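Q: With the input below, show me the fold.
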Amino acid sequence: MCRIGAIKSRNYVHPSQALLLMQSQQKGHDNSGFAMVMHDLGGIFEPYKHLPTLSLACTNEGVRIAEDMLHAAGFQRVMQWMPETDPRPGLDINAMPNYIFQTYDYPKFYKKEDRQTKEDLLLDMRLKLRRALEQDDQGYVYSFWPDVVTLKEIGDPKDIGTYFKLWEPNDRFTARVITAQCRQNTNYDIVRYAAHPFFLQGYTALANGENTFYLKNVELQRKLHRGYIGFESDSQCFLYSLHYVHRHLGWPLSYYKHVITPLPFEEIDGREDRDSLLAIRQSLAHLEINGPNTIIGVLPDNTLFTCCDTKKLRPVVVGRDADTVVISSEVCGINEILPERNWEKDIYPHERETVVIDNQLEVHRWRQ
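A: The predicted model follows:
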């Protein structure tokens, strides 16, 4: 069973807290990887929130390819951070030669374009970089987006933290929203792109469990959007459906649950929104999911949420104190980083609700 977690805080949080959140949940998993997506960045990235940052793991040749492509497209680098690593002997990590986080200014001829046009540009550029670097396994492009950085690696989570010196808190590399998972994909080949969390155009999703309607999802999603690619993990479908429902269709987040786990017809018949829910079931039936799973998601405005499958076959708990809300597969993870909270106020979401944490840290429970 996978372990997943998320932290959302009023204050900037160092990734060491995400490692602690994951560490206590490691019993029973195979130590095959650690990955995280950080939104609403602090530290050295805080002055550049309006500009896109490229998160890249690559060979030396991959660095050249990526930088040449970005320069040719008109992007101008304004900041670069290469984390200092600790390659001590004995670490269980399948490290790439280079880990690069580069912040770019938009091409001059795009600076006056609207947000939609800029966001499409960033998506298309990331897809081009990915295709170029896939040749001869030159590298992996995880995200190219404002105010977001992504790190994924294969190996023991504890050793990955040691390699990147993430166990040592500092104020240079922080964020207000961090999602993390401490297990690589194990249903398919272990590759870096298959590691949760998954990211697309400001949306992040990660899951604990399985999606037995994977092939049905893929059949439709391949036709819906150019950004729905890879499918290295069945859980990527959760991200693509979130992106499609919320961004492409422009529906409120509350409808995401109705798409992935629709209500039974007998319940729909008695509701005022019957016609809408029936239309969703008819038109988006191939986006329904099945199997034991819990999903954590982040929206482009940094709203955090979680929801479960219709049988509640995977655990999840939400805990908080005055400044921080944490979502975790297991309560021991929250105990590790919020030991002084009021445990009686912990929320264990049920199968027909979405728990949402807004940017004022208010926790909302939406009944499906």
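
Q: only C-alpha atoms for contact and neighbour calcs from this point on.
A: Fine.

Q: Which stretches in the stretch 151-300 of the chain count as strands?
A: Using DSSP state E, counting those that start in this stretch, the strands of the stretch 151-300 of the chain run over 175-181, 198-200, 203-209, 293-298.

Q: which residues touch the shortest one?
A: Read it as strand 198-200. Contact with strand 198-200 is made by 37, 123, 142, 143, 204, 205, 206, 227, 236, 239, 240, 243, as judged by Cα atoms under 8 Å, 6 or more residues apart in numbering.

Q: Quick one: low-confidence residue ranges for this protein.
A: 1, 26-31, 183-190 (pLDDT under 70).

Q: on that earlier part again, save the strands of the stretch 151-300 of the chain as TSV, and put in mean neighbour count and distance to residue 10 too.
A: Listed next are the strands of the stretch 151-300 of the chain as TSV, based on neighbours: other Cα atoms under 10 Å; distance: least, Cα to Cα, whole Å:
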stretch	mean neighbour count	distance to residue 10
strand 175-181	28	7
strand 198-200	24	22
strand 203-209	26	19
strand 293-298	25	16
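
Q: how about CSV for those, with distance to residue 254 added?
A: CSV is the format used below for the strands of the stretch 151-300 of the chain (distance: least, Cα to Cα, whole Å):
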stretch, distance to residue 254
strand 175-181, 21
strand 198-200, 19
strand 203-209, 15
strand 293-298, 13
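
Q: and the nearest residue to residue 159 once chain neighbours are set aside, what is it in contact with?
A: Distances taken as Cα to Cα, 6 or more residues apart in numbering place residue 91 nearest to residue 159, at 5.5 Å, with adjacent residues excluded. Contacts for residue 91 (Cα under 8 Å, 6+ apart) come out as 159, 160, 163.

Q: distance of the last one from residue 154?
A: Spatial separation of residue 163 from residue 154 under the definition Cα to Cα, to the nearest Å is 12 Å.

Q: Which one of the two is surrounded by more residues?
A: A count of neighbours by other Cα atoms under 10 Å puts residue 154 above the other of residue 163 and residue 154, at 23 against 20.

Q: circling back: surely the residue nearest to residue 159 forms part of a helix?
A: No. Residue 91 is assigned coil when assessed by DSSP: H, G, I helix; E, B strand; the rest coil, not a helix.

Q: Pick the one among the contacts of residue 91 closest to residue 84.
A: Nearest to residue 84 among the contacts of residue 91 is residue 163, at 8.6 Å by Cα to Cα.

Q: That closest one against residue 85, yeah?
A: Yes. With contacts counted by Cα atoms under 8 Å, residue 163 reaches residue 85, the gap being 5.3 Å.

Q: ok, residue 329 - contacts?
A: Applying Cα under 8 Å, 6+ apart, the residues near residue 329 are 3, 4, 5, 208, 314, 315, 316, 317.

Q: how about JSON lines for the residues you listed, with distance to residue 223 and secondary structure added?
A: Shown next, in JSON lines, are the contacts of residue 329 (distance: Cα to Cα, whole Å; DSSP: H, G, I helix; E, B strand; the rest coil):
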{"residue": "3", "distance to residue 223": "31", "secondary structure": "coil"}
{"residue": "4", "distance to residue 223": "29", "secondary structure": "strand"}
{"residue": "5", "distance to residue 223": "31", "secondary structure": "strand"}
{"residue": "208", "distance to residue 223": "26", "secondary structure": "strand"}
{"residue": "314", "distance to residue 223": "30", "secondary structure": "coil"}
{"residue": "315", "distance to residue 223": "33", "secondary structure": "coil"}
{"residue": "316", "distance to residue 223": "32", "secondary structure": "coil"}
{"residue": "317", "distance to residue 223": "35", "secondary structure": "strand"}
